[in-house]
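Student: show me how the following folds:
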Amino acid sequence: MAANSTRPSRVLLFGDECVDKLAAVEEIYDLSRSSLVLRSFLQQAITEVHHAVSELRREEQRSFGLSSNDILELAESYAAQKPLPPIVGDVLLFVVQIGHLILRAEQDGSILAQDNNRTIHLLGLCVGLPAACVAAAARNIPHAVGLATAALGVIVRFGAALHRRSQLIEAQSGAWGSTIVGSQEYVEQQLQEINESLPLVRHAYAGVISETWTTVFAPPSTTSLLASSVKTTSRPPYATASSVHASHLAPIDLAAVVGSHSAFEIPVLRDSIVSTSTMAPCKAHTFRELLTLALRDISEKPLLLDRTVQALSQALSGNERVTLIPVGPTAHTALVKRTLEKNHVDVQVLTADRPMSDRYKDNSPDRIAIVSMSGRFPGAENIEDFWQLLQAGKTMHSPIPPTRFAVSDPDLKKLSGCFLSNPGLFDPEFFKMSPSESMQVDPIQRMLLMVVYEALQMAGYVQNSSPSTQSERISTFIGQTTSDWLGINDQQGVGTHYVPGSLRAFAAGRLNHVFGWGGGSSSIDTALSHVIWAGPGFAETTRSAMHPVGHDKPYPPSDMELEAYIAEFRRWFTGRREDFGTNGWEAYVGDHNIGVSVVPQANHCTIVEQPQVKELGQILLQVLNKIAILEK
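Tutor: Residues are numbered from 1 along each chain as shown. Below you'll find the predicted structure:
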């Protein structure tokens, strides 16, 4: 692994588990908004994890849980548990590191090129080694995603094996590690005194060794004894719940852990990973062999941190400058940089891996994104046709059709209106509604169900497929102008479904009921301005969800909302006033329309500029703004 001074060298650093897992997962989900590949990997990851967990022992399945719909929900469900179970902690860190590797490779694909054996060096610390193995073996980004997805099963089985070995020694829950500040000689002396009265399996042992501190691993009872005996223990317990780096314990059956996945038989063409136990390049012919060596270093060998970085610095000697690239969050960047510089290596740390243009940078809670729309309008059965009408500047008022109501008053001069083409088309069975109920339900509610379904399809909505599409995080904001159907039902007799089918307040709740949403359902009761108030209502909800201010919220935090603009205008002026007759009344026409938009928080989606949607929004705002100044 000699240095090649003709090309700049880069060191990819994969840290250990001493990081905030939930914050790391939240960050990777935030970054996934700008990477389709990363989003796809995150979706594949939870599926592979569920499959691997389903093959564990029944009690292990119960302790892990299979209810998480994605990696973020998995991290959230264990956020309060310290330390994390080894399966959970290892899975979360591996997913985060692979996610950052994908983002790094999207910026610079050469870090995965197999011909860069002399210029790419990989340093994996403890449970960061498996992700480093993926980086060493992958040819490109799709290959890395495939290897990482397959390796997730190994991570689950390895965590389970570590947990079993630890439980055989001591079933008590708690941390298995603590850090002692001092020289190696001092630490060895303290361990010898502690271990004299303990059986071998309960011994405290040096797992991660540095010049000025040592991380000592032991069963929780021994760790507590160590903390009370060694006064120089200055750090909190190490965030692990199992025995790692334990050369004195029974070895784990790594052949069973790694398994027989065919993807692991690919040859490894470069020896760029530095072993943290031998300080030499890991020699392996296949990915299976490389992964096995890494797992053995984690489970059986001490991690010699300073000596490993010193060996790496020798391989980097002769380079004018070395770029240190942390792959995911790690607490050891400064230590590695300092040790390399101590050995006369000029190091530059590359920290940013956000391939984000300016349109992704504004995460203001005031921003929302319109990801889809649908509607029914006079002369237009969908948004596309409506857009064509707007571009053409057409006025859609026409004589009142005989299918609506008969007009026989001879004094009327104009018998016009703006009408929907097919207001009665509806499939009650599709929307879980009986025929008798559908006859009593306001046509506005029936059309609302249809246009909401269309808007969800346009948005690519799949229920519970992502954090933003969780049922309990979806709310509705509905505005409706009139209730003509209420009067019709009054005349024809009140039926069983009179109240929920006719009252405006039930429209939003019907959506939540039919589509199975658990968020709030809000009815915006104004005249012509509900389309304006529905948007701020959503924005205020999301602001409260993201920035709690200590007051009760009317509904749970919502990531995706349905803002519906429902209007059944009876007094929409169509130009200059006209006399209706000798009494001097002003002319008006009836106008029926309904529209919805799906609006998640902007920082939970990738914002794609769509000129058509942007211009349509501007036109709607202009129309609404002019409502206030129309003549009587």
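Student: please name the nearest non-neighbouring residue to L191.
Tutor: A204 (5.2 Å; CB to CB, 6 or more residues apart in numbering). (Glycine included, C-beta is placed from N, CA and C.)
Student: wasn't L13 part of a helix?
Tutor: No - counting by DSSP: H, G, I helix; E, B strand; the rest coil, L13 is not part of a helix but strand.
Student: quickly list what it is bridged to.
Tutor: L123, P326 (DSSP bridges).
Student: ok, the residue nearest to V336 when sequence neighbours are not counted to V441 distance?
Tutor: Ranked by CB to CB, 6+ apart and with sequence neighbours excluded, the top spatial neighbour of V336 is V309, at 5.5 Å. For V309, the distance to V441 equals 70 Å [CB to CB, to the nearest Å].
Student: and the residue nearest to L191, what pLDDT?
Tutor: Looking at A204, its pLDDT is 90.
Student: likewise for the one 10 residues further on?
Tutor: Among the per-residue scores, T214 shows a pLDDT of 89.
Student: so it touches A204, yeah?
Tutor: No - using CB atoms under 8 Å, T214 makes no contact with A204, being 10.4 Å away.
Student: for Q97, what are its contacts?
Tutor: Counting by CB atoms under 8 Å, 6 or more residues apart in numbering, Q97 touches F14, G128, A131, V327, G328.
Student: T403: which of those residues is nearest?
Tutor: Nearest to T403 among the contacts of Q97: G328, at 64.2 Å, using CB to CB.
Student: for the helix or strand hosting the residue nearest to V336, packing partners?
Tutor: Taking DSSP states H and E as the definition, one finds V309 inside helix 305-316. The contact analysis (3 or more CB pairs under 8 Å, 6 or more residues apart in numbering; DSSP states H and E) places helix 305-316 against strand 9-14, strand 120-124, strand 205-209, helix 333-342.
Student: check which element follows the first one along the chain.
Tutor: This points to strand 9-14. Next element after strand 9-14 (DSSP H and E): helix 21-31.
Student: contact partners of the helix or strand following that following helix?
Tutor: Sequence-wise, the next helix or strand downstream of helix 21-31 (DSSP H and E) is helix 36-54. Residues from elsewhere that reach helix 36-54 (CB under 8 Å, 6+ apart): 28-29, 31-33, 60-61, 64, 66, 68-71, 74, 87, 91, 95, 98-99, 102-103, 106, 141-142, 145, 148-150, 152-153, 155-157, 465-466.
Student: show me the contacts for the residue nearest to V336.
Tutor: L123, L335, V336, T339, L340, N343.
Student: count of neighbours near I383?
Tutor: I383 has 23 neighbouring residues, counting by other CB atoms under 10 Å.
Student: buried set for the helix ranked longest in the chain?
Tutor: Counting residues, the longest helix found in the chain (DSSP state H) is helix 141-169. For helix 141-169, the neighbour count (16 or more other CB atoms under 10 Å) marks 141, 144-163, 165-166, 169 as buried.
Student: now do stretch 375-395, average pLDDT.
Tutor: Here the average pLDDT along stretch 375-395 is 84.
Student: report the angle between whichever strand or helix holds Q190 and strand 205-209.
Tutor: Per DSSP H and E: Q190 is located in helix 184-195. Counting by axes from the mean of the first three to the mean of the last three CA atoms, to 10 degrees, helix 184-195 lies at 150 degrees to strand 205-209.
Student: and helix 184-195, what does it pack onto?
Tutor: Helix 184-195 packs on strand 177-181, strand 205-209, strand 213-217, helix 220-229, going by 3+ CB pairs under 8 Å, 6+ apart.
Student: out of those, which is closest to I111?
Tutor: Taking the helices and strands packed on helix 184-195 one by one with CB to CB, strand 205-209 is closest: 26.2 Å.
Student: and the closest one, what does it pack against?
Tutor: helix 184-195, strand 213-217, strand 303-304, helix 305-316.
Student: low-confidence regions, the stretch 151-300 of the chain specifically.
Tutor: Regions of the stretch 151-300 of the chain meeting the criterion pLDDT under 70 cover residues 231-239.
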